[in-house]
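Undergrad: pasted the sequence and its predicted model underneath.
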Amino acid sequence: MPELAEVAYYAKQWDAGIGQHVTKVQLHPEARIFRQADNLAEWTDLLAGRRYEERWTHGKQMAFRFGKGWLWGHLGMTGKLWMAERDHVPEKHDHLVIHLTRHALVVTDPRMFGAWRWLSASAWATHEAGLAPPILSDAFTKGLLNDFLKRRARTPLKALLLQQERFPGIGNWMADEILWRSGLHPNRQAGSLSPKESGLLWQKCRLVARQALRVIGTDWSTPPNSWLFNHRWKDGGQCPCGTPLRRASVGGRTTCWCPRCQPATTETDGLT
DNA sequence: TACAATGTTTTAAG
DNA sequence: CCTTAAAACATTGT
């Protein structure tokens, strides 16, 4: 479920715990979300008595600083963060509960595609150094996008936008939204874009990221009807232009587009 | 019952 | 080495 804006939203849910100290940690050592955690047995000791200091997000990644170390996480498909009362008793899918002085920080994830790790200060520094430029940063330039389009010339645009190494935080609905606003067919090959089209794509990446963070990332408001977002899941959904939306698997994911606003070309391979 | 779900990784194949 | 498709992961909801 969570993409850029949803991740930002969930990370903020723990803000009320900032400044409080850890009193107890509960987790299921066998839960799949800890499969990348090589130091799980030490978590209780590592966290004990530490103060929750600050939150951090980058694309779909999130991290929370306790003292000098960081709890790093990814929500996968069904992960959620929420704040419970201090004595919260974990329910079936509450795989990690960090009890604080007055509240409890809870990670819930039924499908367990998410991942959680503990990073020491030095591991954190290494991790941060390897991150891709955020879409809304000055470092996310048109040149960077153009290079990527060229290097992945035969990849469908839909699959391209889902690659986190260049588009951190873009997920299924944001990719569809960006392509729809760019007037680009999701099955267009990355290398086929004119300079004008790639400039438009760059601009819409930024626009959708900015608007999503503002609308969903703050309080999970419903986006305006002018977004594709509100129409794309409905069977028989219509583009605001009045054309019935199409749905098909592109780049391995369910993709929604408007055949009129996002016209097929020779390299969209029969997908109209 | 069968299939799909806003994600990532691994495997296999071209 | 690069690209791509498919499978796998685990659970819930339609």
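TA: Sure, I can see it. Being a predicted model, the structure only gives us computed values, none of them experimental. Residues are numbered from 1 along each chain as shown, chains lettered A, B, ... in the order given.
Undergrad: what residues does the stretch 51-200 of chain A have near DNA strand B?
TA: Proximity of the stretch 51-200 of chain A to DNA strand B, by Cβ under 7 Å from any atom of the strand, involves residues A:60, A:74, A:76-77, A:111, A:113, A:162, A:164, A:171-173. C-beta here means a position set from N, CA and C on the backbone, and glycine is covered the same way.
Undergrad: kindly recompute the last result at 6 Å.
TA: A:60, A:76-77, A:113, A:164, A:171-173 (Cβ under 6 Å from any atom of the strand).
Undergrad: could you turn the buried ones of the residues you listed into a PyMOL selection?
TA: Command for PyMOL, covering only those of those found buried under the criterion 16 or more other Cβ atoms under 10 Å:
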select buried, chain A and resi 60+76+171+172+173
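Undergrad: and of the residues of the stretch 51-200 of chain A next to DNA strand B, the nearest to A:Thr268?
TA: A:Asn172 (18.8 Å; Cβ to Cβ).
Undergrad: what's opposite the residue nearest to that closest one when sequence neighbours are not counted in the beta bridge?
TA: Leaving aside its chain neighbours, A:Asn172 sits nearest to A:Arg253 (5.3 Å; criterion: Cβ to Cβ, 6 or more residues apart in numbering). Here A:Arg253 sits in beta bridges with A:Val250, going by DSSP bridges.
Undergrad: circling back to that earlier point, max pairwise distance over the residues of the stretch 51-200 of chain A next to DNA strand B: which two?
TA: Across these (Cβ to Cβ), the longest gap, 16.9 Å, separates A:Phe113 and A:Trp173.
Undergrad: mind listing the helices for chain A?
TA: A:4-12, A:43-47, A:121-129, A:142-151, A:157-161, A:172-182, A:195-219 (DSSP state H).
Undergrad: pull out the buried positions in the last one.
TA: Put plainly, it is helix A:195-219. Neighbour-count burial for helix A:195-219 [16+ other Cβ under 10 Å]: A:197-198, A:200-202, A:204-205, A:208-209, A:211-213, A:215-217.
Undergrad: between the residues you listed, which sits nearest A:His103?
TA: Nearest to A:His103 among these is A:Gly217, at 21.6 Å by Cβ to Cβ.
Undergrad: you'd agree that closest one is up against A:Ala8?
TA: Yes - counting by Cβ atoms under 8 Å, A:Gly217 touches A:Ala8, with 3.9 Å between them.
Undergrad: any idea how far apart the tips of stretch A:42-54 sit?
TA: Start-to-end span of stretch A:42-54 (Cα to Cα, to the nearest Å) is 21 Å.
Undergrad: distance from the chain centre to it, please.
TA: Distance, stretch centre to chain centre, for stretch A:42-54: 26 Å (Cα atoms, centre = their mean, to the nearest Å).
Undergrad: return the distance of A:Ser221 relative to DNA strand C.
TA: Remark: distance between A:Ser221 and DNA strand C (Cβ to the nearest atom of the strand, to the nearest Å) = 21 Å.
Undergrad: pLDDT wise, what is that residue at?
TA: A:Ser221 carries a pLDDT value of 89.
Undergrad: got the contact list for it?
TA: A:Val215 (Cβ atoms under 8 Å, 6 or more residues apart in numbering).
Undergrad: measure it to DNA strand B for me?
TA: In terms of Cβ to the nearest atom of the strand, A:Ser221 sits 13 Å off from DNA strand B.
Undergrad: next one: A:Gly69
TA: 21 Å.
Undergrad: how many other residues sit next to the closest residue to that residue other than its chain neighbours?
TA: Using Cβ to Cβ, 6+ apart and skipping residues adjacent in sequence, the residue nearest A:Gly69 is A:Ser120, 5.5 Å away. When neighbours are counted by other Cβ atoms under 10 Å, A:Ser120 registers 13.
Undergrad: one more: the one 10 residues further on?
TA: For A:Gly130, the neighbour count with other Cβ under 10 Å is 6.
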